[in-house]
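A.B. asks: coordinates only, sequence not included:
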């Protein structure tokens, strides 16, 4: 017996709600577990980012078809296509760091005698 297909608008709303819940949970997780979650979210093949990238690419194909039929302005298709391309590029950039995040997420939580030195992220100008 097959299950009826979910209402796509409700499905989008539910996914959005769950993404909000995930973000709320992520903010409360200990660093190793947060790194594991982030690594899964950023996975370009099986993660949330990969899924969203695929969804936006599919949306771009829809927008192109509708623009060619005159139902949508070409600017809509171009904007969605640009978003798809940029998401794809971001996913590729982040994929380079997936192994590092996974490694951090699998390290046991230990209390080190000397914590690692933080990396400088901002360079200040001297006056």
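C.D. replies: Cool, got the structure. Note that this is a predicted model, so its numbers are computed, not measured. Residues are numbered from 1 along each chain as shown.

A.B. asks: Quickly find the element holding residue 45.
C.D. replies: Of the helices and strands defined by DSSP states H and E, none includes residue 45.

A.B. asks: Burial check on it, number of neighbours?
C.D. replies: By the measure other CB atoms under 10 Å, the count of residues near residue 45 is 11. Yep, even glycine has a C-beta here, placed from its N, CA and C like the rest.

A.B. asks: Can you get me the start-to-end distance on stretch 86-105?
C.D. replies: 27 Å (CA to CA, to the nearest Å).

A.B. asks: Give me the buried positions along that stretch.
C.D. replies: The neighbour-count check on stretch 86-105 (16 or more other CB atoms under 10 Å) flags 87-88, 91, 94-95, 98, 101, 105 as buried.

A.B. asks: Show me which pair in these is furthest apart.
C.D. replies: Of all pairs drawn from these, the greatest distance, 24.7 Å, lies between 88 and 105 (CB to CB).

A.B. asks: Give the rounded mean pLDDT of stretch 64-82.
C.D. replies: For stretch 64-82, the mean pLDDT works out to 97.

A.B. asks: can you offset everything so residue one is 21?
C.D. replies: OK, 21 is where the count begins now, so the last one is stretch 84-102.

A.B. asks: Buried residues in it, which are they?
C.D. replies: Buried, per 16+ other CB under 10 Å, within stretch 84-102: 84, 87, 92, 96-97, 100-101.

A.B. asks: Redo those residues as CSV? Include distance to residue 70.
C.D. replies: Listed next are those as CSV, based on distance: CB to CB, whole Å:
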residue, distance to residue 70
84, 21
87, 26
92, 26
96, 24
97, 22
100, 18
101, 18
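
A.B. asks: so what's residue 107 up against?
C.D. replies: 69, 72-73, 76 (CB atoms under 8 Å, 6 or more residues apart in numbering).

A.B. asks: Only whichever of those residues are buried, select them in ChimeraX.
C.D. replies: Typed into ChimeraX, the line below selects the buried ones among these, using 16+ other CB under 10 Å:
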select :69,73,76
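
A.B. asks: Need the worst-confidence member of the buried residues of stretch 106-125.
C.D. replies: Sorting the buried residues of stretch 106-125 by pLDDT puts residue 125 at the bottom of the list (73).
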